[in-house]
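Student: Fold the following and give me the result.
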Amino acid sequence: MAFKDLYALSTEGSTWSVKQDFDTVFNWDYDDGRAGMMGLYAKGKEMQWDAVTRIDWSQELDEDNPQGMPEESLPIHMADCYKRMSEKEKGVVRRNFQAWQISQFMQGEQGALICAAKIVTQVPDADSKFYASTQTIDEARHVEAYRSLLKKFKVAYPMTKPLKELIDQTLRDSRWDMTYLGMQVVIEGLALAAFGTIRDNAQNQLCAQVNAYVMQDESRHVAFGRLALRDFYPQLTQKERDEREEFLLEASYLMRDRFDAVELWQHLDLPIEECATAMYESGFMEKFRNSLFARIVPIVKDIGLWGDYIRKGYEEMGVIGYAQTDVQALQDEDDFIAKRFDARRAEVQRVIDRAQAAE
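Tutor: So this is what the prediction gives:
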């Protein structure tokens, strides 16, 4: 079956064109550049992996709960319309919600792929170009991995309007640092929290494994944006920093709201108002929405966009407390968990090899 046949909703054509206006910048200075950036580039080269061989795609998914997620992770699990369903009907809702969520990961990764390629083209620093080249292949691999996972779900969904709007804004802006802000800081920062929810709660090892490996890469990408922008923003005027704070806050609201899933509930012919109410009253979803900013708020503070406007906005969103989060500790944990999945698979393979040798 062609992938386009998996879509439950129309994608409004097979392509989406975003007109852009920016300069392509060459850099003739081939010195090593910043130590931190070149260190990330070295890691980016060393940590390349193949989605075909590193992941065991033979693992099966349960039709009614493909990821093996707890019932409370479904945001409408307490809604009356859901409680009245048969077990089979509930399974259809769970599978479609999980497929809708993974679809947004896949669509967002293609956005990251294009943004990384734009950074290579546009950013003035050679060391940033070097690292962004490794991120570009990372993002292509992530699209590949989520595409393969969705084929096992046998259903997929188009990009949501809030995500599409933010990617559109990020790509259309001619200033190179806005690509970093929109993608490296906001979209990828929020994605890390969303990936982590599945990695840490999924009982299906294939789904947990895919997200763990993607997170290992994405943590480096967020660190890349952090290094580049921390050096650049002290050079800007206060007016220029204010403009970026306004963009950040608008983008934060857009990304928080992209998990409303209105189009999904419509497709499943469920009462929109009842589902929306259930989502916002769900303790799991409230915790999830807030945790989305654990990776963003401390980075925004670190790169120097920490004026009254952004602080007030994050206070109103209830996420200002994440400013004290140790981002490096989170990145180290992402790397450790991915390596633990590798070790587990290697041990399983050793057991299989010994059994075959004994036979």
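
Student: got the contact list for stretch 33-40?
Tutor: 32, 125-128, 130-131, 220, 223-224, 227-228, 231 (C-beta atoms under 8 Å, 6 or more residues apart in numbering). Quick note: C-beta positions are derived from backbone N, CA and C, even for glycine.

Student: what does stretch 51-70 give?
Tutor: 87-88, 90-92, 94-95, 98-99, 141, 144-145, 148, 152-153, 198, 201-210, 213, 342, 345.

Student: hmm, back to that, which of the contacts of stretch 33-40 sits closest to Gln349?
Tutor: Arg220 (26.7 Å; C-beta to C-beta).

Student: which of the contacts of stretch 51-70 count as buried?
Tutor: 90-91, 94-95, 98-99, 141, 145, 148, 152-153, 198, 201-202, 204-210, 213 (16 or more other C-beta atoms under 10 Å).

Student: Show me the helices in the stretch 151-300 of the chain, by range?
Tutor: With helices called from DSSP state H, counting those that start in this stretch, the stretch 151-300 of the chain shows them at 161-172, 176-179, 188-201, 205-232, 238-257, 262-267, 272-281, 283-291, 297-302.

Student: Export only the CA atoms of the third one, formatted as PDB.
Tutor: Output of helix 188-201 as PDB, limited to C-alpha atoms (Å, rounded to 0.1, in the frame of the first residue of the first chain):
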ATOM      1  CA  GLU A 188      12.200  20.500  18.700                       C
ATOM      2  CA  GLY A 189      12.200  21.500  22.400                       C
ATOM      3  CA  LEU A 190       8.500  20.700  22.600                       C
ATOM      4  CA  ALA A 191       8.900  17.500  20.500                       C
ATOM      5  CA  LEU A 192      11.500  16.200  23.000                       C
ATOM      6  CA  ALA A 193       8.900  16.400  25.800                       C
ATOM      7  CA  ALA A 194       6.300  14.700  23.600                       C
ATOM      8  CA  PHE A 195       8.700  11.900  22.500                       C
ATOM      9  CA  GLY A 196       9.700  11.400  26.100                       C
ATOM     10  CA  THR A 197       6.100  10.800  27.200                       C
ATOM     11  CA  ILE A 198       5.900   7.800  24.800                       C
ATOM     12  CA  ARG A 199       9.500   6.600  25.400                       C
ATOM     13  CA  ASP A 200       8.900   6.500  29.200                       C
ATOM     14  CA  ASN A 201       5.300   5.100  29.200                       C
END
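
Student: I'd guessed Gln101 sits against Thr197; true?
Tutor: No. Applying C-beta atoms under 8 Å as the test, Gln101 and Thr197 come out as separate, 9.3 Å apart.

Student: Could you dump the helices of the stretch 151-300 of the chain into TSV and include distance to Asp326 and mean pLDDT?
Tutor: Listed next are these as TSV, based on distance: least, C-beta to C-beta, whole Å; pLDDT from 0 to 100:
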stretch	distance to Asp326	mean pLDDT
helix 161-172	27	91
helix 176-179	25	94
helix 188-201	14	90
helix 205-232	13	93
helix 238-257	21	88
helix 262-267	35	93
helix 272-281	30	87
helix 283-291	15	73
helix 297-302	8	93
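
Student: Of the ones you listed, which is nearest Trp28?
Tutor: Trp28 lies closest to helix 176-179 among the helices of the stretch 151-300 of the chain, at 17.8 Å (C-beta to C-beta).

Student: residues making contact with the closest one?
Tutor: 22, 115, 118-119, 122-124, 170-171, 173, 228-229, 232-233, 244, 247.

Student: how much distance is there from that helix to the middle of the chain?
Tutor: 18 Å (C-alpha atoms, centre = their mean, to the nearest Å).

Student: could I get it in PDB with only the CA atoms?
Tutor: What follows is helix 176-179, C-alpha atoms only, in PDB (Å, rounded to 0.1, in the frame of the first residue of the first chain):
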ATOM      1  CA  TRP A 176      18.700  33.200   9.900                       C
ATOM      2  CA  ASP A 177      18.400  33.200  13.700                       C
ATOM      3  CA  MET A 178      14.600  32.900  13.400                       C
ATOM      4  CA  THR A 179      15.000  29.500  11.800                       C
END
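
Student: Can you give me the buried ones in it?
Tutor: Trp176, Asp177, Met178, Thr179.

Student: Identify, from those residues, the entry nearest to Glu109.
Tutor: Minimum distance to Glu109 across the buried residues of helix 176-179 is 15.5 Å, recorded for Thr179 (C-beta to C-beta).

Student: shouldn't Arg172 be in contact with Ser17?
Tutor: No. Judged on C-beta under 8 Å, Arg172 makes no contact with Ser17 at a distance of 11.5 Å.

Student: And those two? Which one has more around it.
Tutor: Between Arg172 and Ser17, counting by other C-beta atoms under 10 Å, Arg172 is the more crowded of the two (13 against 6).

Student: Can you tell me how far the more buried one is from Phe153?
Tutor: The spacing between Arg172 and Phe153, counted by C-beta to C-beta, to the nearest Å, is 32 Å.

Student: Equivalent analysis for Phe130, please.
Tutor: Relative to Phe153, and taking C-beta to C-beta, Phe130 is found at 36 Å.

Student: same check, this time on Val93
Tutor: 13 Å.
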